[in-house]
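In: Only the shape, not the letters, is given here:
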């Protein structure tokens, strides 16, 4: 993935991180994305994270698992993650496959995702959660 | 045709396999093409007259007829010359697309192409009648090509017709499971009649693309009109709810009969996780509540 | 004539007779649509296809028996020798091409220069360059087979025939009387086999080696692309791609190396079949692997059971120590269904 066009871009907007996946990612690229994003959440002390997966034509078990794991790690760091842009065919296939997004909230697209975060102004600021976070930082 | 043989690698292959078996075939064909170009106006007119006599294409106006016969004629000659059947297929499909809605039948299309074949064959007959062996050669070169053209046009027409019929069937099927946008961000999906797995699947696909198209946040699935829901369909219903949620829409199910509720429980669906409400009216009220809640919060947040 | 071709390739007498009958049936069925002059070569090609499909069937049987083995060949000690031989055959073949032909081909295949650029440079058209490249490839294939087999061609006609066959150029094939020649020249009949096979297989069947993460993505992409040639709904394309993704991951995770063969089916109806096989450790308890909730790679046990739900047909065979084969099919939906 080095040298080519970026596979994923992560932008910061206030206390929110917006990660857009631009193309199909293989497993190791997904894992790298996971690490990058978690790192940046810690670095910027983000409160909200939006992952835009509209460009993914397949979300298989590993991708779904990774996205859930990101959301869970983000939660432990005090950020609420919203998954946006799941395509109709992908949504159907994920469900048939038996993969949901667990407790991760979803929204139609970026705009809806931002609205959803805004509707939870305290997203991820819950102090008990932050205290419960493991002491080690990246 | 050998002058620039590299121009179209694919069509060249077609050409060779169809037309070039006879040693001098290429030369004859080019003579033939020249002849058909030279007498274009006369031959085309003769053809149009034959079409009228045979009462074909009666659904078209004389102007349309003239326009179509001209382009069919030119395409026909061009295919004879180049052997490029693909271009002809393309044209035949376009033509079919235009004339099928006007009620032109398969026999008419086949008829006019065969008439053209005969008109042209007759003119070749006239031209070469003194030289019988030459005539034979010319016809040997012409006939397989002409038959192939007739065949191509007929097949393209039938294909196109089938495609249109399929499209209409799809449209009818869509009507039978309508996704109704009642108001901004709200869809209603009334399920009427017996649901089998195939219909349930189509319904899900329509609902999911409907969610994206209408940017729906809430969907009300009303199954009052569906008496029987078996286990497979019940499973499907649950999957539809989950998939809608993945796209960011909440689903409210209304009209759930005790029997269907029983089926859902039997297959292990946790009804407390599904938003079920007795009747459609109640479902719509709940939907508005959900939407109203969202809208208020959104308005409140626009300044940030 | 047909009998002769078939006999030459199939040892056992009864099966040869069966194949002859099958060939003749196919030829007769098609004779209405074939120009008279083409009947003979058609019969020959059909005979070859029938023979080839018999081998394929045999291959399929072997697959079902579950001895997935060919995959381990790259690790054999003599594989390097084979590789060297292949490379030197290719080098010889390239050397036998004309200077200009070779340069154009290499520039296109190796450096990736597109036909438009090449055409602009040569003052020609992209189509002409593409056709020229096709002819060069056809020649290269012939020269490669000759070099690899270290074959001496007995007649002057041989090379011309092989090139015409390799390029799929039917007019040329008639000109050089390719069909007749194949009957007379045993060597060409043998050499032409790989050349003809290539033409048959290119279209509706894909074989994708799977060894690393990126292969998962390319395999599912290729499967989707192939499937999109049929009349699949968008959802089904995603379903197929996802299923391929899952089985490929199992190969990468558990076996390390394997392959996926994606094939369009016409009978019993239109659909797409995916065969994923590996020579890995195998699955000790298949029932358990197909049970929702069981997982070997952390967290979610949704690989195989999920895939089974996605596809219309699903079969898995596995032998500990020998590998696993998953065969799965998605049928095109009938429109009135």
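Out: Yep, it's here. The model shown is predicted, which means the values in this text are computed figures rather than measured ones.
In: quick one: contacts for the closest residue to residue B:164 other than its chain neighbours?
Out: Closest residue in space to residue B:164, ignoring its immediate chain neighbours: residue B:100 at 5.7 Å, by Cβ to Cβ, 6 or more residues apart in numbering or on different chains. Where C-beta positions appear, they are placed from N, C-alpha and C, glycine not excepted. Listed by Cβ atoms under 8 Å, 6 or more residues apart in numbering or on different chains, the contact partners of residue B:100 are B:157, B:160-161, B:164.
In: One more pass at 10 Å, please.
Out: Counting by Cβ atoms under 10 Å, 6 or more residues apart in numbering or on different chains, residue B:100 makes contact with B:106, B:109, B:157, B:160-161, B:163-165.
In: between these, which has the most around it?
Out: Counting neighbours by other Cβ atoms under 10 Å in any protein chain shown, residue B:109 comes out on top of these with 26 neighbours.
In: Residue B:158 is in contact with that one, correct?
Out: Yes - in terms of Cβ atoms under 10 Å, residue B:109 counts as a neighbour of residue B:158; the distance is 8.9 Å.
In: between these two, what contacts are shared?
Out: Contact criterion Cβ under 10 Å, 6+ apart; residues bridging residue B:109 and residue B:158 by contacting each: residue B:96.
In: returning to that earlier point: now the contacts of residue B:100 as TSV including pLDDT and secondary structure?
Out: Written out in TSV, the entries for these read as follows (pLDDT from 0 to 100; DSSP: H, G, I helix; E, B strand; the rest coil):
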residue	pLDDT	secondary structure
B:106	81	helix
B:109	86	helix
B:157	86	helix
B:160	85	helix
B:161	84	helix
B:163	84	helix
B:164	83	helix
B:165	81	helix
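In: Quickly name whichever of those is closest to residue C:129.
Out: In terms of Cβ to Cβ, no member of the contacts of residue B:100 lies closer to residue C:129 than residue B:160, at 34.4 Å.
In: So which residues of chain B form helices?
Out: Remark: helices assigned in chain B by DSSP state H are B:9-19, B:25-38, B:40-53, B:62-82, B:85-99, B:106-128, B:132-176, B:197-214, B:231-246, B:258-266, B:280-301.
In: Just grab the bridge partners of the residue nearest the centre of chain A for me.
Out: The central residue of chain A, meaning the one whose C-alpha is nearest the mean C-alpha position (Cα atoms, centre = their mean), is residue A:51 at 4.0 Å. When bridges are called by DSSP bridges, residue A:51 pairs up with residue A:19, residue A:83.
In: could you check the distance from it over to residue A:10?
Out: As for residue A:51, its distance to residue A:10 is 10 Å (criterion: Cβ to Cβ, to the nearest Å).
In: which residues do these two both contact?
Out: With Cβ under 10 Å, 6+ apart as the test, residue A:51 and residue A:10 both reach A:17-20, A:33, A:37.
In: can I get the residues you listed in CSV with neighbour count and pLDDT?
Out: Putting the shared contacts of residue A:51 and residue A:10 into CSV (neighbours: other Cβ atoms under 10 Å in any protein chain shown; pLDDT from 0 to 100) gives the following:
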residue, neighbour count, pLDDT
A:17, 23, 96
A:18, 19, 96
A:19, 20, 97
A:20, 18, 96
A:33, 21, 96
A:37, 22, 96
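In: and those residues, which two are the farthest apart?
Out: Across those, the two members that end up farthest from each other (Cβ to Cβ) are A:18 and A:33, 13.5 Å apart.
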